[in-house]
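Visitor: Curious how this folds, go ahead:
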Amino acid sequence: MGLLVDIFSGVLSASANTTLLYPKNPEGKPLPSRVGHFLGALRVDLFRPLAGFKADMDDLIRRLKSSPKAEGQERIYIHGEKEFELEKKYRREGIPLHLKVYEDLKALAEEAGIPFTL
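Guide: Below is the predicted model of the structure:
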């Protein structure tokens, strides 16, 4: 999987890959990174019926989440689950801001003559 990420995000996008991501000049000073990205989309229904895919994905997720947990862990998360739960929490309680960010935003608003309310 790591090689596929390097191919899609580095080679295919004409960016860097493996040890070339964070180049340095001859003196060892860091140069701008050459990180690339890849976004892809698949039409599942072109591979197989969508209902069967969804049923198999539900089964896979159930099996993953019922696997033995690492020592000291109470739960197994799947990709995006923590972020989804944080979004719900932030919508309910608001997005926390570091005090310095709050103060900077307030100062910018005052400087621009914009009322500042959060």
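
Visitor: buried stuff in the helix or strand of the chain with the lowest mean pLDDT?
Guide: Using mean pLDDT, DSSP states H and E, helix 2-6 stands out as the lowest-scoring helix or strand of the chain, at a mean of 89. Applying a neighbour-count criterion of 16 or more other Cβ atoms under 10 Å, one finds residue 6 buried in helix 2-6. From N, CA and C alone the C-beta is placed, and that goes for glycine too.

Visitor: Check the offset of that helix from the chain's centre.
Guide: With Cα atoms, centre = their mean, to the nearest Å as the basis, helix 2-6 stands 17 Å off its chain's centre.

Visitor: can you list contacts of it?
Guide: Residues from elsewhere that reach helix 2-6, judged by Cβ atoms under 8 Å, 6 or more residues apart in numbering: 17-18, 38.

Visitor: Recalculate using a threshold of 10 Å.
Guide: Where contact means Cβ atoms under 10 Å, 6 or more residues apart in numbering, the residues beyond helix 2-6 that reach it are 12, 15-18, 20-21, 36, 38.

Visitor: and if you look at stretch 13-29?
Guide: If you take Cβ under 10 Å, 6+ apart as the criterion, stretch 13-29 is touched by 2-3, 5-11, 30-38.

Visitor: let's see it at 8 Å
Guide: If you take Cβ under 8 Å, 6+ apart as the criterion, stretch 13-29 is touched by 6-7, 9-11, 30-31, 33-38.

Visitor: Could you identify the buried members of those?
Guide: Neighbour-count burial within the contacts of stretch 13-29 applies to 6, 9-10, 36; the criterion is 16+ other Cβ under 10 Å.

Visitor: Where does pLDDT dip in the protein?
Guide: Within the chain, no stretch has pLDDT under 70.

Visitor: and the gap between the residue nearest in space to the middle of it and residue 73?
Guide: Most central in the chain under Cα atoms, centre = their mean is residue 80, positioned 7.7 Å from the mean C-alpha point. Using Cβ to Cβ, to the nearest Å, one gets 18 Å for the distance from residue 80 to residue 73.
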